[in-house]
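Participant: Sequence isn't available, so here's the structure alone:
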């Protein structure tokens, strides 16, 4: 067995062991859903940053940077910028309401503001979209296993999916917050050591100017159109403000102050970390110009350009990022299904123990569906674009409108969701082909906001 594979196996055993061990502290739905609202700034920071740095921020970004260069920073940089909005304007308000009314999920807030119909629609959209981003994480994990062993994607997805399902199902938010702290340490050490070694192999920063590279390769402001460069702010930014998984992690904070510090520190960390996979992707373009599959850029670089010991550590750190983001997605799926659908619509009288069983069962089923979808989809970016787009256009206006407008009610939310989703689909699969500079996500966000404001203006009587 190679050093790379050995370290990966050891790491996987440790993560599963921590998850199973933490299960002894998860006896109630409160511990599973919001960690008993006990997370201090450090655990909020670690849990948030670990969840935000996944397949999109590593394997996918390196593939984009391999093609377009430094402007790939905007994928994670946009998430970092959006995190400040969550830290200071959205998160504390939501946390205060969650603490006062015992909210566990974003669905609890949506029903409080808009009624059960909005909650049911949004929960269904989030559960569907979450499967796509879960598949993206599993594709990334499978690409690492493929580079190390030659195993096909279905086997790599099955291994990664099984790993994250076991430890999340056991520990819930409380367990994953502890595990995320370990995963974050592994990830940061691996990337911080890998970058200078890889840069030295290709001859330093001068290599980016000495070769014939694409136009705009070293320009952070470059964009080739929608889904490229600074336009990624419209795709990923809103999703990181109103993501149900991140909002629910913020509900686990011990106070609004702890939430502000932890989430803001996560934003700073994201903007700094964003440069590492980007630069590694650019280095791969110089040192390994023959790579054709974007999802294999980062794993191939780590396996071939670094010393074996460092390549093994860096590979484990990348695998760590995929796994810890998977648990955040399973978190969204399991809590949405159990709290927002099962207890709200199917069995309102469900006991705390029953709710915990349903949440864990939903996590297992969600993990299985994610594995199946990862085998079907072709690339990471294909899967993640669906999730970020759907999440942004359906939730951004209703969440912010619900926080800052007392008059807004169900008509505003439903109009916003309908206009946003329809516009997204029309632009992406219709007029976007003849107008390539139309960004589907940005158009959907604008349509959602306009619909919300127009309906609010037309309805003059205050909400009762």
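Facilitator: Now that the structure is in, tell me what you want to look at. Everything numeric in this text was worked out from a predicted model, so none of it was measured.
Participant: How is the chain divided into domains?
Facilitator: 3-391, 405-464 (automatic domain parsing).
Participant: Ranking these by mean neighbour count, which comes first?
Facilitator: domain 3-391 (a mean of 21; mean count of other CB atoms under 10 Å). To be clear about C-beta, it is placed using only N, CA and C from the backbone, and glycine gets the same treatment.
Participant: what does stretch 442-456 rub up against?
Facilitator: 226, 231, 234, 238, 389, 392-394, 396-398, 401, 405, 407-408, 411-413, 415-424, 427 (CB atoms under 8 Å, 6 or more residues apart in numbering).
Participant: Secondary structure element for residue 300, which one?
Facilitator: In the assignment (DSSP states H and E), residue 300 maps to helix 297-304.
Participant: next one: that helix to chain centre, how far?
Facilitator: Centroid displacement of helix 297-304 relative to its chain, using CA atoms, centre = their mean, to the nearest Å, is 23 Å.
Participant: Which residues does that helix contact?
Facilitator: By CB under 8 Å, 6+ apart, helix 297-304 touches 4, 58-59, 62-63, 66, 143-144, 146-148, 194, 198, 277, 280-281, 283-284, 287-288, 291, 311, 314-315, 318.
Participant: change it to 6 Å
Facilitator: Here helix 297-304 makes contact (CB atoms under 6 Å, 6 or more residues apart in numbering) with 59, 62-63, 66, 143-144, 147, 280-281, 284, 291, 311, 314-315.
Participant: Going by distance to residue 343, which of those residues wins?
Facilitator: Distance ranking of the contacts of helix 297-304 against residue 343, using CB to CB, places residue 59 first at 36.2 Å.
Participant: I'd say the closest one and residue 140 touch.
Facilitator: Yes: with contact defined as CB atoms under 6 Å, residue 59 reaches residue 140; the gap is 4.1 Å.
Participant: residue ranges of the helices in the stretch 151-300 of the chain, please?
Facilitator: Assigned by DSSP state H, counting those that start in this stretch, the stretch 151-300 of the chain shows helices spanning 153-201, 207-210, 232-236, 239-242, 244-251, 256-273, 275-287, 297-304.
Participant: now swap in the stretch 1-150 of the chain and tell me
Facilitator: Going by DSSP H, counting those that start in this stretch, the stretch 1-150 of the chain shows helices at 3-22, 29-34, 41-52, 61-68, 74-85, 91-101, 106-114, 116-149.
Participant: next one: phi and psi at the nearest residue to residue 201 once chain neighbours are set aside?
Facilitator: Nearest residue to residue 201, sequence neighbours excluded (CB to CB, 6 or more residues apart in numbering): residue 305, at 5.0 Å. Main-chain dihedrals, residue 305, degrees, to the nearest 10: phi -100, psi -10.
Participant: ok, residue 305 to residue 38 distance?
Facilitator: Residue 305 sits 43 Å away from residue 38, taking CB to CB, to the nearest Å as the criterion.
Participant: Equivalent analysis for residue 233, please.
Facilitator: Counting by CB to CB, the gap from residue 233 to residue 38 is 34 Å.
Participant: repeat for residue 142
Facilitator: Distance from residue 142 to residue 38, by CB to CB: 35 Å.
Participant: okay, the helices of the stretch 151-300 of the chain in TSV with distance to residue 356 and mean pLDDT next?
Facilitator: Output for those, formatted as TSV (distance: least, CB to CB, whole Å; pLDDT from 0 to 100):
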stretch	distance to residue 356	mean pLDDT
helix 153-201	8	77
helix 207-210	52	77
helix 232-236	32	86
helix 239-242	26	89
helix 244-251	16	86
helix 256-273	25	96
helix 275-287	37	95
helix 297-304	37	91
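Participant: Which among these is found nearest to residue 117?
Facilitator: Closest approach to residue 117 among the helices of the stretch 151-300 of the chain is made by helix 244-251 (17.3 Å; CB to CB).
Participant: and the angle for the closest one with helix 256-273?
Facilitator: 130 degrees (axes from the mean of the first three to the mean of the last three CA atoms, to 10 degrees).
Participant: Distance from the chain centre to helix 244-251, please.
Facilitator: The gap between where helix 244-251 is centred and where its chain is centred comes out at 12 Å by CA atoms, centre = their mean.
Participant: tell me what that helix is packed against?
Facilitator: The contact analysis (3 or more CB pairs under 6 Å, 6 or more residues apart in numbering; DSSP states H and E) places helix 244-251 against helix 91-101, helix 308-335.
Participant: Name all residues that make contact with the residue nearest in space to the middle of the chain.
Facilitator: The geometric centre of the chain, computed from its C-alpha atoms, lies nearest to residue 52 (CA atoms, centre = their mean), at 5.0 Å. Residue 52 makes contacts with 79, 270, as judged by CB under 6 Å, 6+ apart.
Participant: per-residue pLDDT, it?
Facilitator: Reading off the confidence values, residue 52 has pLDDT 84.
Participant: Also residue 231?
Facilitator: Looking at residue 231, its pLDDT stands at 89.
Participant: I'd guessed it sits against residue 223; true?
Facilitator: Yes: using CB under 6 Å, residue 231 is in contact with residue 223, at 5.3 Å.
Participant: on that earlier part again, looking at the contacts of helix 297-304, which is nearest residue 212?
Facilitator: The nearest one, if we look at these relative to residue 212 and count by CB to CB, is residue 66, at 15.1 Å.
Participant: Pull the contacting residues for the closest one.
Facilitator: So residue 66 contacts 281, 284-285, 297 (CB under 6 Å, 6+ apart).
Participant: how about a cut-off of 8 Å?
Facilitator: Taking CB under 8 Å, 6+ apart, we find residue 66 in contact with 281-282, 284-285, 291, 294, 297.
Participant: could those go into a markdown table alongside distance to residue 349?
Facilitator: Shown next, in a markdown table, are the contacts of residue 66 (distance: CB to CB, whole Å):
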| residue | distance to residue 349 |
| --- | --- |
| 281 | 52 |
| 282 | 57 |
| 284 | 56 |
| 285 | 59 |
| 291 | 56 |
| 294 | 50 |
| 297 | 52 |
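Participant: Over to residue 102: give its phi and psi.
Facilitator: phi 60, psi 40.
Participant: likewise residue 218?
Facilitator: phi -110, psi 20.
Participant: any idea how far it is from residue 48?
Facilitator: Remark: distance between residue 218 and residue 48 (CB to CB) = 30 Å.
Participant: any weak-confidence spans in the stretch 251-400 of the chain?
Facilitator: Where the stretch 251-400 of the chain drops to pLDDT under 70, the residues are 320-325, 327-328, 378-383.
Participant: Residue 63 against residue 294, yeah?
Facilitator: Yes: at 2.9 Å, residue 63 counts as touching residue 294 under the criterion of CB atoms under 8 Å.
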